[in-house]
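**Student:** Give me the fold of what follows.
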Amino acid sequence: MQSGPKTILWVDPEAHRSGQLKSVLEELFYQVRSATSEKEAAQIVGHQTPDLVIASMDGEAKGQDLCRRLKGHGPTQHVPVILTSLSPDAEALFSRHQKEKGKADSYIKMPSPPEDVVDFVERLIGLPAPNGHEKTGVSASETGTDEGST
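**Tutor:** Numbering: from 1, shown residues only. Here you go, the predicted model:
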């Protein structure tokens, strides 16, 4: 496991849609990388394997294809993948992907409240501490600490 912040690769053809969510994750000490297509995401993964991938099933992101590619490749098959979609048929898209042996770990219907996204992320990869040591199973709200206090 890498030291330092946990890395999330967020793949969305409309990068501005996920800006607030990325900011929330960065405030929690995750490092968030962005890509707007499957091709760009594959290049990023080739240089640094993320701890988690959040990929849109909408437009050019082709999250389903990226998921199959990651889960079918030895060094990245362990990387959790959350698929997202703005489609009213998001659940059906995800079910079809799973039936095709897509192996995504979860999906989130977008837009979704930031706390829901953080919950999915924490359950899959834990919450990093500011010093890079992993904290699992305990969120700042559970410890009663305020954001920004040390």
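**Student:** what's the burial count for residue 54?
**Tutor:** 27 (other C-beta atoms under 10 Å). For every residue, glycine as well, the C-beta is placed using N, CA and C.
**Student:** After the strand or helix carrying it, heading C-terminal, what element do we hit next?
**Tutor:** Using DSSP states H and E, residue 54 maps to strand 52-56. Going down the chain from strand 52-56, the next helix or strand is helix 63-71, by DSSP H and E.
**Student:** Buried residues of the helix or strand following that next one, list them for me.
**Tutor:** Downstream of helix 63-71, the first helix or strand assigned by DSSP H and E is strand 81-85. Buried residues in strand 81-85, counted by 16 or more other C-beta atoms under 10 Å: 81, 82, 83, 84, 85.
**Student:** Distance to residue 67 and pLDDT for the residues you listed - can I get that in TSV?
**Tutor:** Shown next, in TSV, are the buried residues of strand 81-85 (distance: C-beta to C-beta, whole Å; pLDDT from 0 to 100):
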residue	distance to residue 67	pLDDT
81	5	95
82	9	95
83	6	93
84	11	92
85	13	91
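**Student:** which residues touch the longest helix seen in the chain?
**Tutor:** The longest helix of the chain (DSSP state H) is helix 114-125. With C-beta atoms under 8 Å, 6 or more residues apart in numbering as the test, helix 114-125 has contacts from 6, 8, 20-21, 24-25, 28, 30, 51-52, 54, 80, 82, 105-106, 108, 139.
**Student:** same thing with stretch 82-95?
**Tutor:** By C-beta under 8 Å, 6+ apart, stretch 82-95 touches 12, 17, 52-58, 63-64, 67, 97, 104-112, 120-121, 124.
**Student:** which of these count as buried?
**Tutor:** Using 16+ other C-beta under 10 Å, the buried members of the contacts of stretch 82-95 are 12, 17, 52-58, 63-64, 67, 97, 104-105, 107-110, 120-121, 124.
**Student:** what's the model's confidence in the helix or strand following the longest helix of the chain, averaged?
**Tutor:** The helix or strand immediately downstream of helix 114-125 is strand 127-128, counting by DSSP H and E. Mean per-residue pLDDT for strand 127-128: 76.
**Student:** Which strands and helices lie in contact with strand 127-128?
**Tutor:** Contacts defined by 3 or more C-beta pairs under 8 Å, 6 or more residues apart in numbering; DSSP states H and E place strand 127-128 against strand 134-135.
**Student:** pretty sure residue 56 contacts residue 63?
**Tutor:** Yes. Counting by C-beta atoms under 8 Å, residue 63 is a contact partner of residue 56 at 5.2 Å.
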